[in-house]
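J.: Okay, predicted coordinates and the sequence, questions at the end:
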Amino acid sequence: VNYIGSKRSLLPSIGPFLDQIRAAAAQPRLLDIFSGTGIVSQFGRMKGFDVVANDLQEYARVTAQALLEDPAPALLAGAAVSDRARVGLDEGVAVWGLLESLIPELEAAVAAEDHPFVEEYVEGGRAERLYLSRLNGLKLAGARDLIEDMLRDGRVTADTHDLLVAGLLEGIDRVANTASVYGAYLKKVKKSAQNPFRVAVPRVFPGLPAGRALRGDANETVRALTRAGESFSLMYVDPPYNSRLYASNYHLLETIARWDLADFTPRGKTGLRPREEGTSDYCSKRGVRAVVLDLLTEAPAEAVLFSYSDEGLLPHDDLVQVMLEAGFRDPQTTAVDYKRFRADKDSENRVYSGDDVVEYLIYARR
Ligand SMILES: C[S@@+](CC[C@H](N)C(=O)[O-])C[C@H]1O[C@@H](n2cnc3c(N)ncnc32)[C@H](O)[C@@H]1O
């Protein structure tokens, strides 16, 4: 998923911090408290960290969980590494085994024409929202229902359920009728949205210790982990840095991940989820300082690595000050040039305020 704020291209700058910590710790543990795509969690796991990921959004939890699982032997039984290079999370191995029989079954499912998801979000539905072509929408709703049935009937475990939902989210990304983010749909069904929907084969990383993915508010999760007596060598902090809510930009993925349309009525033209959900003090100019101070003060971690942008709501010098107030010593800043996220292609008649944003990393120990 082309995710706003993904740190995929920042990994080369994050790597040396992880290497340094791993070299010094007997059992390095990483807390990725705003995990998004889970790419930093996955990176940490491959570097030998025991990882806990956390995000406010359920689609992010499922995606990170899929990356952090040590797949059950039953899932891998008879598995071959797929030579059918289909869509999937990169690296790792795409496994078949049990999934080999489940995925075609999911891809064959078709929902009823009046399925609530189809009526609300699919071409030809009552609400006239064009997030998916008619056929792909019917297939997605059918597949997503079937995953819940499989869980309920005990055909799959909770872990396998998450693997399948993550594969489905990845597959949807290829055929969504959106301009990269999922906040709104295009007025006409574009060409790529007419390609047939396929469930991505989840990639797994057998042989590495399993990590864990949680869904929760960062500050609440940090408190819960402290109460549970957990401690980490490093907390990686990558909060949203402006007022745009991920909950609005990715509401459709959230609804597919939670599959809870029975519990709310989509709002407005774009079909948003309930208003009170997904708001974040990290996205508020007034709230951000206090919430960062609280997060860092309560962090059950010996060190912190903070990603932020020079366009962020909290100016760099204030952030350094907050780190010191929270009890971290001698914060060191590394500046990294970073390409601005763009939802659509460059076009000649669009004016950008500048091509690069400076992202920086601040590292400090207690
Ligand atoms: C910049 S993105 C993280 C990107 C991630 N590091 C990656 O590389 O994919 C920020 C994330 O913070 C999450 N978020 C926003 N407010 C939050 C909160 N209060 N607690 C936990 N997560 C939150 C968003 O859902 C989003 O996924």
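T.: Noted; the coordinates are in hand.
J.: Just give the number of residues close to the nearest residue to residue 132 once chain neighbours are set aside.
T.: Of all residues beyond its chain neighbours, the one nearest residue 132 is residue 122 (5.1 Å), with distances taken as CB to CB, 6 or more residues apart in numbering. Where C-beta positions appear, they are placed from N, C-alpha and C, glycine not excepted. With neighbours defined by other CB atoms under 10 Å, the count for residue 122 comes to 28.
J.: Between the two ends of stretch 244-255, how far is it?
T.: Distance between the two ends of stretch 244-255: 18 Å, counting by CA to CA, to the nearest Å.
J.: ignore the last one, stretch 34-54
T.: With CA to CA applied, stretch 34-54 spans 6 Å between its terminal residues.
J.: residue ranges for the strands of the stretch 201-350 of the chain, please.
T.: Assigned by DSSP state E, counting those that start in this stretch, the stretch 201-350 of the chain shows strands spanning 203-204, 212-215, 234-237, 303-309, 329-339.
J.: Using the three-state scheme, assign the nearest residue to residue 253 once chain neighbours are set aside.
T.: If you skip the residues right next to it in sequence, residue 253 has residue 59 as its closest partner in space, 4.1 Å away by CB to CB, 6+ apart. Of the three states, residue 59 takes helix according to DSSP: H, G, I helix; E, B strand; the rest coil.
J.: and what of residue 64?
T.: When states are read from three-state DSSP, the local structure at residue 64 comes out as helix.
J.: just to revisit the earlier point, save the strands of the stretch 201-350 of the chain as a markdown table, and put in mean neighbour count too.
T.: Converted to a markdown table, those look like this (neighbours: other CB atoms under 10 Å):
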| stretch | mean neighbour count |
| --- | --- |
| strand 203-204 | 23 |
| strand 212-215 | 19 |
| strand 234-237 | 25 |
| strand 303-309 | 22 |
| strand 329-339 | 13 |
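J.: What parts of the stretch 151-300 of the chain come near the ligand?
T.: Contact residues of the stretch 151-300 of the chain with respect to the ligand, defined by CB under 6 Å from any ligand atom, are listed as 217-218, 238-240, 246, 280, 282.
J.: Is it possible to get CSV of those that adds pLDDT?
T.: Formatted as CSV, those follow (pLDDT from 0 to 100):
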residue, pLDDT
217, 96
218, 98
238, 97
239, 97
240, 95
246, 89
280, 89
282, 95
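J.: closest to residue 2 among those?
T.: For residue 2, the nearest member of those is residue 246. The distance, counting by CB to CB, is 13.6 Å.
J.: in terms of contact, does that closest one touch residue 4 like I think?
T.: Yes. Assessed by CB atoms under 8 Å, residue 246 is found in contact with residue 4 at 7.3 Å.
J.: Tell me which of the two has more neighbours.
T.: Here residue 246 and residue 4 are compared on neighbour count by other CB under 10 Å; more neighbours surround residue 246, at 27 against 17.
J.: Return the residues in contact with that one.
T.: 4, 56-57, 240, 278, 280 (CB atoms under 8 Å, 6 or more residues apart in numbering).
J.: If you rank those residues by neighbours, which is first?
T.: The member of the contacts of residue 246 that has the most neighbours, counting by other CB under 10 Å, is residue 56 with 24 neighbours.
J.: dump the residue contacts of that one.
T.: Residue 56 makes contacts with 215-218, 246-247, 278, 280, as judged by CB under 8 Å, 6+ apart.
J.: Distance check, it against residue 197.
T.: Here the distance between residue 56 and residue 197 works out to 27 Å (CB to CB, to the nearest Å).
J.: what's the answer for residue 266, then?
T.: Residue 266 is 21 Å from residue 197, where distance means CB to CB.
J.: and what of residue 319?
T.: Using CB to CB, residue 319 is found at 42 Å from residue 197.
J.: try residue 303
T.: Using CB to CB, one gets 43 Å for the distance from residue 303 to residue 197.
J.: in the stretch 251-366 of the chain, which spans are helices?
T.: For the stretch 251-366 of the chain, helices defined by DSSP state H, counting those that start in this stretch occupy the ranges 251-258, 288-298, 316-325.
J.: Could you measure from the residue nearest to residue 34 when sequence neighbours are not counted over to residue 55?
T.: Leaving out its chain neighbours, the residue that sits closest to residue 34 by CB to CB, 6+ apart is residue 238, at 4.7 Å. Noted for residue 238: a distance of 10 Å to residue 55, by CB to CB.
J.: So for the two, which residue has more residues nearby?
T.: Looking at residue 238 and residue 55 with other CB under 10 Å, you find the greater number of neighbours at residue 55, namely 28 against 23.
J.: pretty sure the more buried one is touching residue 64, no?
T.: Yes. With contact taken as CB under 8 Å, residue 55 and residue 64 are classed as touching, separated by 7.0 Å.
J.: so is residue 159 in a helix, a strand, or just coil?
T.: Assigned with three-state DSSP, residue 159 falls in the helix class.
J.: What about it, how many residues nearby?
T.: With other CB under 10 Å as criterion, residue 159 counts 17.
J.: residues from the stretch 1-150 of the chain in reach of the ligand?
T.: Within the stretch 1-150 of the chain, the residues that sit near the ligand (CB under 6 Å from any ligand atom) are 3, 5-7, 34-37, 39-40, 55-57, 60.
J.: Mind checking which of these land in strands?
T.: Counting by DSSP state E, the members of these that fall within strands are residue 55.
J.: quick one, what contacts residue 136?
T.: Remark: with contacts taken as CB under 8 Å, 6+ apart, residue 136 is in contact with 122, 175, 193-194, 196-197.
J.: Equivalent analysis for residue 266, please.
T.: 120-121, 127, 272-273.
J.: With residue 222 instead?
T.: Neighbour list for residue 222: 31, 33, 235, 295, 298-300 [criterion: CB under 8 Å, 6+ apart].
J.: For these, pick the one with the most neighbours.
T.: When neighbours are taken as other CB under 10 Å, the top entry among the contacts of residue 222 is residue 31 (30 neighbours).
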